[in-house]
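Trainee: Have a look at this prediction, sequence included:
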Amino acid sequence: MTSLLHWFEPWYPSWPMAAFLLGGAGLYLAGSWRRHTPWWRQMWFWLGWLLIYQGLQTQWDYYAEHQFFLHMLQQMALHDLGPLLVMLAWPGPTWRAGLPARWRSRYLMPIMRTTPMRGLTAFVLNTWIAAILFSGLVVFWLIPVIHVGVMLNTTLYQLMNWTMVFDGLLFWWLVLDPRSTPPAHIRPGGRIFLPILAMIPQMVLGAVLALTSADWYPIYTLCGRAISGIEPLTDQHLGGLILWIPASGLNVIAAMVALRNWMRLSERGRLQEKARQPRPGPSSDAKPSAAA
């Protein structure tokens, strides 16, 4: 029991992370009570939110710093699986309902309408920027020179985790949006191909790490590995396989969900707005009908 409780002690306590996790959970609880969110949506949300919490504020951080394949499992939880489950629940309306109406009208809407916020939103919600950020961040933090600095610097390590979480939430929000365009930012067909396109760089990097015979990350040996019986190359190969197969497989699952949303919109006739037909005007040579 003591060891189980010890697992939930954060390796790197962070008040901003704790406030983010508690705030998101509290808003969702309040919004679920007001909107009567379906139980299956709540299930997906809490599974994803708990997974993100595990990756940010438990002893998982310690093992992720001392074993490469555990680090890759952590990053997959923070960047791929956790945010994917959260956005599968489509929590935006529930979070919004959790805010008091006065806060939404007095604070949230004016902030979202400011020029800097609108510019930032337009940038990060761009299709190509979203794809580049999603795969680019994974590759960037795994560049050996940068990865060494991250493992030796607590601030950089927490920054890496923050960027992975927020980028994952943003990307899966774009891909799993069940609405038509607009208000969705990407057309339904584009949401199917976006995760397939974004997974290519991480698949390539994962295959290289899984098949190479060179140890790219000796920092784990210098700091001491959490599991002593695993060789450095075996550890790296396992991490590469995680990035190569299961992490990329989640992109395929997301594309299938996007395809399902596209089919639903098609069945409801909401893929595109029907062109408005001009009303026939009075014609001077129109003949009176027989009924007239």
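Mentor: It's in.
Trainee: so where's this structure shaky on pLDDT?
Mentor: Residues of the chain meeting the criterion pLDDT under 70: 1-2, 270-292.
Trainee: Would you map the strands across it?
Mentor: Applying DSSP state E to the chain gives no strands.
Trainee: In it, which helix is the longest?
Mentor: What stands out as the longest helix in the chain, according to DSSP state H, is helix 188-211.
Trainee: Just give me how far it sits from the chain centre.
Mentor: 14 Å (Cα atoms, centre = their mean, to the nearest Å).
Trainee: Buried residues, it. List them.
Mentor: 188, 190-192, 194-195, 197-199, 201-203, 205-207, 209-210 (16 or more other Cβ atoms under 10 Å). Where you see a C-beta, it was placed from the backbone N, CA and C, and this is true even at glycine.
Trainee: How about residues contacting it?
Mentor: 127, 130-131, 134-136, 138-139, 142, 171, 174-177, 180-181, 184, 186, 216, 236-237, 239-245, 247-248, 251-252, 254-255, 258-259, 261-262, 265, 271 (Cβ atoms under 8 Å, 6 or more residues apart in numbering).
Trainee: How about stretch 172-186?
Mentor: 83-84, 86-88, 90, 92, 125, 127, 130, 187-188, 191, 194-195, 254-255, 257-258, 261, 264-265, 270-272.
Trainee: Mind checking which of these are buried?
Mentor: Members of these classed as buried by 16+ other Cβ under 10 Å are 83-84, 86-88, 90, 127, 130, 188, 191, 194-195, 254-255, 257-258, 261, 265.
Trainee: Just give me the residue closest to the centre of the chain.
Mentor: Centrality entry for the chain: nearest residue to the mean C-alpha point is G168, 2.3 Å, by Cα atoms, centre = their mean.
Trainee: That one and F20, how far apart?
Mentor: With distances taken as Cβ to Cβ, to the nearest Å, G168 is found 14 Å from F20.
Trainee: Restrict the longest helix of the chain to CA atoms and write it as PDB.
Mentor: This file holds the C-alpha atoms of helix 188-211, laid out as PDB (Å, rounded to 0.1, in the frame of the first residue of the first chain):
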ATOM      1  CA  PRO A 188     -14.200  16.600 -43.100                       C
ATOM      2  CA  GLY A 189     -12.100  15.000 -45.900                       C
ATOM      3  CA  GLY A 190      -9.000  16.800 -44.700                       C
ATOM      4  CA  ARG A 191      -9.500  15.500 -41.200                       C
ATOM      5  CA  ILE A 192      -9.100  11.900 -42.500                       C
ATOM      6  CA  PHE A 193      -5.800  12.500 -44.300                       C
ATOM      7  CA  LEU A 194      -4.200  14.900 -41.700                       C
ATOM      8  CA  PRO A 195      -3.300  12.200 -39.100                       C
ATOM      9  CA  ILE A 196      -2.000  10.000 -41.900                       C
ATOM     10  CA  LEU A 197       0.200  12.800 -43.200                       C
ATOM     11  CA  ALA A 198       1.400  13.700 -39.700                       C
ATOM     12  CA  MET A 199       2.500  10.200 -38.700                       C
ATOM     13  CA  ILE A 200       5.000   9.800 -41.500                       C
ATOM     14  CA  PRO A 201       8.000  11.600 -39.800                       C
ATOM     15  CA  GLN A 202       7.500   9.900 -36.500                       C
ATOM     16  CA  MET A 203       7.200   6.500 -38.300                       C
ATOM     17  CA  VAL A 204      10.500   7.100 -40.100                       C
ATOM     18  CA  LEU A 205      12.300   8.200 -36.800                       C
ATOM     19  CA  GLY A 206      10.800   5.300 -34.900                       C
ATOM     20  CA  ALA A 207      12.000   2.800 -37.600                       C
ATOM     21  CA  VAL A 208      15.500   4.300 -37.500                       C
ATOM     22  CA  LEU A 209      15.700   4.100 -33.700                       C
ATOM     23  CA  ALA A 210      14.400   0.500 -33.800                       C
ATOM     24  CA  LEU A 211      16.800  -0.700 -36.500                       C
END
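Trainee: Brilliant, that's me finished.
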